[in-house]
Each structure stands twice: as structure tokens, then as C-alpha cells.
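Student: got a structure for you, letters missing:
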Ligand SMILES: Cc1cc2nc3c(=O)[nH]c(=O)nc-3n(C[C@H](O)[C@H](O)[C@H](O)COP(=O)(O)OP(=O)(O)OC[C@H]3O[C@@H](n4cnc5c(N)ncnc54)[C@H](O)[C@@H]3O)c2cc1C
């Protein structure tokens, strides 16, 4: 097939979603061009050169399978079986995510994943252009403005249709907003983050258990650590922006040390570069982006963080963005008219994005404040029991989100029903033996239909 000019698809952003979408669309025979504001990371290396990782779950894996990249990505992924909770007294406890090692998530290197996707996009025939920042769109003339920030040049370029995969600060979203009301709302979390690093041990091995996502929950704030295949861990400290402690009170290297001495004492010896990292690394901003509209007829559509940035506490931002790519590629393959494809994409994905955004916010409270709470632990215990007794009906919400591909909105809705059953069955009970299992069984059978695959 030789796609004609009307089949050209222009993507802004060659990050995780843009590069994956380029692979999927080029495979379908579209002529794909991608404009990315940063330099080519395959030549320049990753900005900052730091190891930043992401949790990859079934939705993301499924998308990588479709792109033929599962094997390559998984060769460098580190399995995370569950949360390793580090209590304030130094004790640790592994809380498994799933039933066994078939239900796990994976830590992958963000930079390397992006490189693999870029190589695959190019190998599939997509044309990638770096140092090309989208800076504005003439919607009537179908021309976009591209700026090269290195050469300090600006040019215009014709397009047939535009896909915005240019992340949370999307320039395409901004350009769309000048043409139609998007109903855009950004809700800041009020908490930020700082990335730190645990290097390998002296013998070259991991310093702490590699096959877990480590959490140091401390009520209003927390630290987490994800393993890297080079035997380091990327640690992320999440703190409020105001109050005590917060990024307003913990400002200097000495403040950071004092905080870790007090609250994260068992992590301190693992972080020899704490002071350096704390001062050298920027403080990240977190929040949720809501949009009422994602597309302009057949001319443009947004996906990934550009459409629905979320807080990172369910580890689903990329997974959701990859699921967007699959859905959009399918719509473009099956609908003749791009306007219908974009409208159908938006109507399927927007409710699901809203659901995972909400679950991601809820998970922050769970991770920092509940994983060491006895009521929560009893509910989790009962959840496992009910999941074993009713495997088709009672699937824990975390499992529906991370190990299945049921729509996020359905996972959210069933999760609420399940939570009510758990709360009701454990109310006033101190242990699992005191729970009326027959009553809980009846509630499951009455309220939860078998979960479709
Ligand atoms: C601290 C943190 C931890 C996270 N952990 C996880 C996790 O464990 N699991 C998970 O699934 N998700 C996680 N996420 C979310 C994940 O990073 C994002 O959801 C994902 O990167 C979205 O992909 P994207 O392609 O939409 O955007 P991005 O990855 O941000 O890519 C956007 C691309 O567009 C380019 N660009 C920007 N502006 C322009 C322009 N004007 N013109 C051209 N190009 C432009 C950028 O340079 C970039 O390459 C985390 C996020 C954060 C902040």
C-alpha cells in the first residue's frame, strides 16, 4: 500500500506515547512524521543522564506486544512482586500485589524504553525530526510552526492531521484552546517530588530486595524506591509543598539529612549522595489535568499526558497513554473519516482516563498513610480470601487495574462495591477469624456479576 498525502499523520512529541503511536500507525501503512522538541536521545544521551524508572503493568505490556517490543523491553525489566513496606521502627513487610508471580509489575528504565520505541518507529518507516518544537498552529491553513531551539530557527510546515503526544505541558493543547473551549482544569496535588539514587552495593549487587517496590509510608508524606537493572534504585521523596515537613521547610542539604535521620533512618545509609541529589535535582510538580474535549473535528486529537496527566501513585500514566495509542490506532484503522475516529476515541477513553486519575489520587493516601494501618491490612487479608473464593467475581481493584485490561471505569465502579463489602464485613472485627465469611460470600454473589475478560 502506498498511502497518499491525505494519509499523512503528524505527531507532536516523541516521548513514550508519541513513539509507540508512530510504530503502530506506520505499521498500518500511514505516512507518519513526528516532531520532537528535544535533541535525539540516541545521539545526545538522556538529559541529566539519570536513571529514572517506571512501573510497567499489563496494559502497557499488551501495547508493547502489539508493537513487537515485549521481548526487548522485558529483557531489561526488573520484577516487582509487591510493596516492601519500611515501617518507622525499621521493620519491613512484603505485601504482595497479586496471587503469585503471574501477577506482578515491572520496573523499566524510562530512557531506554524511549530509545527502543524510537528505533522501532524509525525501523517501521516513521520519519522522526528532533529539535523541532511545535510552537503554534494555523487551523484554517493547516500549517504548524516549528522552532529549532538550538539553531534558533523557525519554519512553517503543512499538515493533514495532528496528534498531540507532547506531554503534560502540551503546546498542541494550548493551540487547540485558542480554537475551541477545551474545559481545561489543572488541579495541583499540593505535593511535589524529588528523585534520589541508591547506588549498587560494594560487591556490585542490589543494596536492598530487588524484586519489590519499596515504600517508606509516613502519614502525610513518603519515599518510594524502584529497582533498576543496573542494580541501583531510583528513590522518590514525596512531600507537601507547604507545612512541616514540606519542600518549604526542607530546603537545604542539611535539612534533607535531618529529615532522613528522623523519618527514613533505615534508608539514610543507602543514600550516600543524598545531599548532592537533593540539591542538584529539581523538585517535580504533581497534579491532575482535566479536559472536556480532546479533539477538533478531524484536524487534531490529544492523547497521553497531553489529554489527561495524572498523579503517579498508581503507576499508570504511561500504561494508560499506551492504551490510548492502541485505541486510537484501531479507530484510525477502522473508521474512514478521521473526525469520527477522533470522536469515538475520545468518547471511549475520556471516562476511563477520569477513572484512573481518581484511582491514582486515592492511591496516594493509601500508599503514604494506610499500608501500615491494621484496618487496612485486615481488609486486604479478606480481599485475598474473597478473591480465592470467587475468582471470577471478586477481583481486587489493584489487580483489575494492573493485571487485567478491563476498562478503568469498570475497575473503579466494581472497586467501590468491593470496598463496601470489605468495610462492612470487617467492621469491629480484630482478625480474619472473626469475619462472617458466609455473609461476605452472600454479598459478593448478590452484588458482583462475573467480571468479563
Ligand atoms: C514522578 C513520576 C513517576 C511516574 N511513574 C510512572 C509509573 O511508574 N508508571 C507509569 O505508567 N507512569 C508513570 N508516570 C507517568 C508517565 O511518566 C507519563 O504518563 C508518560 O510519560 C506519558 O507519556 P506521554 O508520551 O504522554 O508524555 P511524555 O512522556 O511527557 O512525552 C512528551 C514528549 O513530547 C515532547 N514535547 C513537549 N512539548 C513539545 C512541543 N512543543 N513540541 C514537540 N515536542 C514536545 C517532550 O519532549 C516529550 O518527549 C510517572 C510520572 C511521574 C512524574
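Tutor: Yep, that arrived. All of these numbers come straight from a predicted model, not from anything done at the bench.
Student: tell me the SS of residue 151?
Tutor: coil (DSSP: H, G, I helix; E, B strand; the rest coil).
Student: Can you tell me the closest non-neighbouring residue to it?
Tutor: Counting by C-beta to C-beta, 6 or more residues apart in numbering, residue 151 lies nearest to residue 131, which is 7.2 Å off, once chain neighbours are set aside. C-beta: built from backbone N, CA, C; applies to glycine.
Student: residues in contact with the residue lying closest to residue 302 once chain neighbours are set aside?
Tutor: Closest residue in space to residue 302, ignoring its immediate chain neighbours: residue 164 at 4.2 Å, by C-beta to C-beta, 6+ apart. Residue 164 makes contacts with 12-13, 170-173, 176, 300-303, 306-307, as judged by C-beta atoms under 8 Å, 6 or more residues apart in numbering.
Student: In helices, which of the residues you listed appear?
Tutor: Secondary structure assignment by DSSP state H places 171, 172, 173, 176, 306, 307 of these in helices.
Student: tell me, how many neighbours does the second one end up with?
Tutor: Spelled out, that is residue 172. 26 (other C-beta atoms under 10 Å).
Student: which residues does the nearest residue in space to it that is not next to it in sequence bridge with?
Tutor: Spatially, and ignoring its direct neighbours in sequence, residue 172 is nearest to residue 164 (3.2 Å; C-beta to C-beta, 6+ apart). Bridge pairing for residue 164 (DSSP bridges) gives the partners residue 12, residue 302.
Student: Could you tell me which residues of the chain lie near the ligand?
Tutor: 12-18, 35-38, 54-55, 133-134, 165-167, 171, 193, 236, 284, 304-306, 312, 315-319, 321 (C-beta under 6 Å from any ligand atom).
Student: can we see that at 5 Å?
Tutor: 12-13, 15-17, 36-38, 54-55, 133-134, 165-167, 171, 304-305, 312, 315, 317-319, 321 (C-beta under 5 Å from any ligand atom).
Student: show me where the stretch 1-150 of the chain has strands.
Tutor: Taking DSSP state E, counting those that start in this stretch as the criterion, the stretch 1-150 of the chain contains strands spanning 8-12, 31-35, 53-56, 78-80, 82-86, 92-96, 105-109, 127-129, 133-138, 143-148.
Student: Could you dump those into JSON lines with mean neighbour count and mean pLDDT added?
Tutor: Shown next, in JSON lines, are those (neighbours: other C-beta atoms under 10 Å; pLDDT from 0 to 100):
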{"stretch": "strand 8-12", "mean neighbour count": "24", "mean pLDDT": "96"}
{"stretch": "strand 31-35", "mean neighbour count": "23", "mean pLDDT": "98"}
{"stretch": "strand 53-56", "mean neighbour count": "23", "mean pLDDT": "97"}
{"stretch": "strand 78-80", "mean neighbour count": "19", "mean pLDDT": "98"}
{"stretch": "strand 82-86", "mean neighbour count": "20", "mean pLDDT": "96"}
{"stretch": "strand 92-96", "mean neighbour count": "15", "mean pLDDT": "94"}
{"stretch": "strand 105-109", "mean neighbour count": "24", "mean pLDDT": "98"}
{"stretch": "strand 127-129", "mean neighbour count": "17", "mean pLDDT": "98"}
{"stretch": "strand 133-138", "mean neighbour count": "19", "mean pLDDT": "98"}
{"stretch": "strand 143-148", "mean neighbour count": "18", "mean pLDDT": "98"}
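Student: Now a ChimeraX select for only the buried ones of the contacts of residue 164.
Tutor: To isolate the buried subset of these in ChimeraX, counting by 16 or more other C-beta atoms under 10 Å, use the following:
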select :12,13,170,171,172,173,176,300,301,302,303,306,307
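Student: Just give the number of residues close to the residue nearest to residue 151.
Tutor: Neighbours around residue 131, by other C-beta under 10 Å: 18.
Student: Which pLDDT does the model give it?
Tutor: Here the pLDDT value assigned to residue 131 is 98.
Student: same thing with residue 50?
Tutor: So residue 50 comes in at 63 (pLDDT).
Student: How many neighbouring residues does residue 110 have?
Tutor: 17.
Student: Nearest residue to the residue in the chain that the ligand sits nearest to in space, please, no chain neighbours.
Tutor: Of all residues in the chain, the one sitting closest to the ligand is residue 15 (2.0 Å; C-beta to the nearest ligand atom). Closest residue to residue 15 apart from its sequence neighbours, by C-beta to C-beta, 6+ apart: residue 167 at 5.8 Å.
Student: go on, residue 364?
Tutor: Closest to residue 364 by C-beta to C-beta, 6+ apart is residue 313, at 4.2 Å.
Student: Can you name the residues that contact residue 146?
Tutor: Residue 146 sits in contact with 35, 129, 132, 133, 134, 135, 154, 155, 156, 157, where contact means C-beta under 8 Å, 6+ apart.
Student: Quick check: residue 32 touching residue 25?
Tutor: Yes - in this structure residue 32 lies within contact range of residue 25 using C-beta atoms under 8 Å: 5.0 Å.
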